[in-house]
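Engineer: Just the structure for this:
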Amino acid sequence: MTLTETARNFRITIKIIGSAFVLLILFRLSQDTIRAIFPKKEEVVIPTPTVQYGKMPKMKLPSKTINPSSQPSFSLDLVEASLPSVPTLANVYPILRAPYGFLALDRAKELAQKLNFTSEPQAQTPTSYIWTAPNRKLTMDVSSLNFTYQYAYLTDPSVFVNHAFVSKEKAEAKAVELLKKNGLLGGGGLYGGARGVDFEQGEKKTTLLRYQNGRLVSSRSLAETQAAEVNFFRQKIENLPILPINPNQGLINILIAGVADDPGQGKFTEILEINYTPWVIAYDQGATYPLRTSISAWGELQTNLSYLTYLELDSGTATSPLIVQSFTCKDAYLGYLDLAEHQRFLQPVWVFAGSARTTSGAASFTAFVPAVQQTWVEE
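Structural biologist: I've put the predicted structure just below:
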């Protein structure tokens, strides 16, 4: 091959390589253009519910009775344009029972001693016991260690003094201190130290009170505050609230006064009342279940008012049963219902809350509609 032929072949090779390179660039540009005009749809991965515990037990809700002559209308007044469309899955969680068995009464006596009861209790039923002391009473279900504690402040109003609290925050801190001291916010021997832990980190609502004409009413200023009621609510789980039937009253609540205890004189006046029914939730044993839509739940509420669990006049006056003219839902979301009665599982619910118009005045309402799909609920 001559030098001329070699040069010619080299030029041809360079042209071929150059043309191929240009074609490759044009191909890549065309691909980018096509992707920009017709973007590829992302694959939506729909998680599969585990339904580990089989069908859920049917929830038993303590419904709020309204006057049977009521024929209420229903409307939505939401911040969003429509009812929420997500989530479509949520966890259920087992609720534990006390693991004490024949030691239950011994555990109950230990708890009673922490609350300064030294006498033997009286059995009301095989599981319900009462301890008494001057002006004080403790009623406990020994099978669950749920209890109510009461100081008879109506017969001893000397426990109420002005300037008892300098702020809501101080009152709340005192309530936490008193509960923790008695092992009621985690720690201690209750359920291996797990009981009440999720309440310490949750929301707290504090109401400052004064004693007037034989009853406690809201105080108008810190100067006249003589007592404080602190309600404890569980911390959220997966950003979903865990709610009691009464949105203003937690399953742990305590009423405290400003007069310090005097153990030497046998006077225990700092705590006036405790209501304590915090079932222990097995948060590490959750299982996912499919949910009905919020639209379906809202529709069912309108035909079944047994899901209405809270209805109170805004004025605070007690009139029951109310004649309801209309319900206006102002908030709708997914949450969990925390009942005072034992349930096998903590289950998700669609929550509808807002205002109601009644013949007795304006009112507030809350309704809980079970959210697990009906096919996964026992008959």
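Engineer: okay, and for the chain, where does confidence drop off?
Structural biologist: Residues of the chain meeting the criterion pLDDT under 70: 1-27, 29-46, 187-190.
Engineer: And the helix or strand that contains D106, what does it pack against?
Structural biologist: Taking DSSP states H and E as the definition, D106 sits inside helix 104-114. Counting by 3 or more C-beta pairs under 8 Å, 6 or more residues apart in numbering; DSSP states H and E, the packing neighbours recorded for helix 104-114 are strand 128-133, strand 136-141. Yep, even glycine has a C-beta here, placed from its N, CA and C like the rest.
Engineer: Okay, the closest residue to P72 other than its chain neighbours and L313: tell me how far apart.
Structural biologist: Computed as C-beta to C-beta, 6 or more residues apart in numbering, the closest residue to P72 that is not its neighbour in sequence is V324, at 4.4 Å. Taking C-beta to C-beta, to the nearest Å as the criterion, V324 is separated from L313 by 11 Å.
Engineer: Mind checking which of the two has more residues around it?
Structural biologist: Taking neighbours as other C-beta atoms under 10 Å, V324 and L313 compare with V324 leading, 23 against 17.
Engineer: Common neighbours of V324 and L313, please.
Structural biologist: Residues touching both V324 and L313 by C-beta atoms under 8 Å, 6 or more residues apart in numbering: 358, 363.
Engineer: returning to what we had before: how distant is the next helix or strand after the helix holding D106 from the center of its chain?
Structural biologist: Moving toward the C-terminus from helix 104-114, the next helix or strand (DSSP H and E) is strand 122-123. Between the centre of strand 122-123 and the centre of its chain there are 33 Å (C-alpha atoms, centre = their mean, to the nearest Å).
Engineer: Partner strands of strand 122-123, with direction?
Structural biologist: Its sheet considered, strand 122-123 pairs with strand 128-133 (antiparallel) by DSSP bridges.
Engineer: hang on, the earlier thing: distance from the helix holding D106 to the middle of the chain?
Structural biologist: 28 Å.
Engineer: Stretch 332-350 too?
Structural biologist: 8 Å.
Engineer: How far does that stretch stretch from one end to the other?
Structural biologist: Stretch 332-350 has its terminal residues 7 Å apart, counting by C-alpha to C-alpha, to the nearest Å.
Engineer: buried residues in it?
Structural biologist: Within stretch 332-350, the residues that count as buried by 16 or more other C-beta atoms under 10 Å are 332, 334-340, 343, 345-350.
Engineer: for the residues you listed, which one is nearest S218?
Structural biologist: Ranked by distance to S218 (C-beta to C-beta), the buried residues of stretch 332-350 are led by A340 at 24.3 Å.
Engineer: List the contacts of that closest one.
Structural biologist: Neighbouring residues of A340 by C-beta under 8 Å, 6+ apart: 244-245, 251, 277.
Engineer: give me that answer again for 7 Å
Structural biologist: 251, 277 (C-beta atoms under 7 Å, 6 or more residues apart in numbering).
Engineer: That one should be in a helix, yeah?
Structural biologist: No - applying DSSP: H, G, I helix; E, B strand; the rest coil, one finds A340 to be coil, outside a helix.
Engineer: Please report how far it lies from A297.
Structural biologist: Distance from A340 to A297, by C-beta to C-beta: 23 Å.
Engineer: ok, back up a step: so the residue nearest to P72 sits right up against A356, yeah?
Structural biologist: Yes - V324 lies in contact with A356 (C-beta atoms under 7 Å); the separation is 5.5 Å.
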